[in-house]
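>>> for reference, the sequence and a predicted model appear below.
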Amino acid sequence: MRFSAAVTAVLLSPALLGNAWTGADRTEQARSNYEELMNGHKQLHQLTPQEQADVLALDNALHPRDTRTRSQRCVDEEFKRVGGSPSNLERRVIDMKCREPWD
């Protein structure tokens, strides 16, 4: 399995990079630990805090979280539906359709 440059960059960030290991070592160890956790061969408590942080960074890079609000997702989907360039009228309809309801 090959990992993207983004995954390697996350693991090489100054906040995560330790002095004892190279980035390639840490990336490979994180990949190995991640696979063993996913396969049930290891438990999270068996990893050091640094290994847990590396696995978490790898998981976040592999599975980015969608942090958009429901309204933002709706607007994005409607823009896509109309081909990316809505007219002024279409934009107003999208804004009305996707606005957050008042509680």
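Sure thing, it's come through. On a predicted model such as this, the values are computed, not experimentally measured, just so you know. Residues are numbered from 1 along each chain as shown.
>>> pLDDT wise, what is the most centrally placed residue in the chain at?
Using C-alpha atoms, centre = their mean, the residue of the chain that lies closest to the mean C-alpha position is Pro64, 1.5 Å off. We have a pLDDT of 88 for Pro64.
>>> host element of Val93?
helix 88-98 (DSSP states H and E).
>>> ok, longest helix in the chain?
If you go by DSSP state H, the chain has its longest helix at helix 23-39.
>>> can you name the next helix or strand after that one?
helix 49-62.
>>> now do that following helix and helix 23-39, the angle between them.
For helix 49-62 against helix 23-39, the angle by axes from the mean of the first three to the mean of the last three C-alpha atoms, to 10 degrees is 80 degrees.
>>> the chain should start at 20 in everything you say after this.
Got it, the first residue is 20 from now on, which makes the last one we talked about helix 68-81.
>>> residue ranges with poor pLDDT in this structure?
Counting by pLDDT under 70, the chain contains low-confidence residues at 20-41, 121-122.
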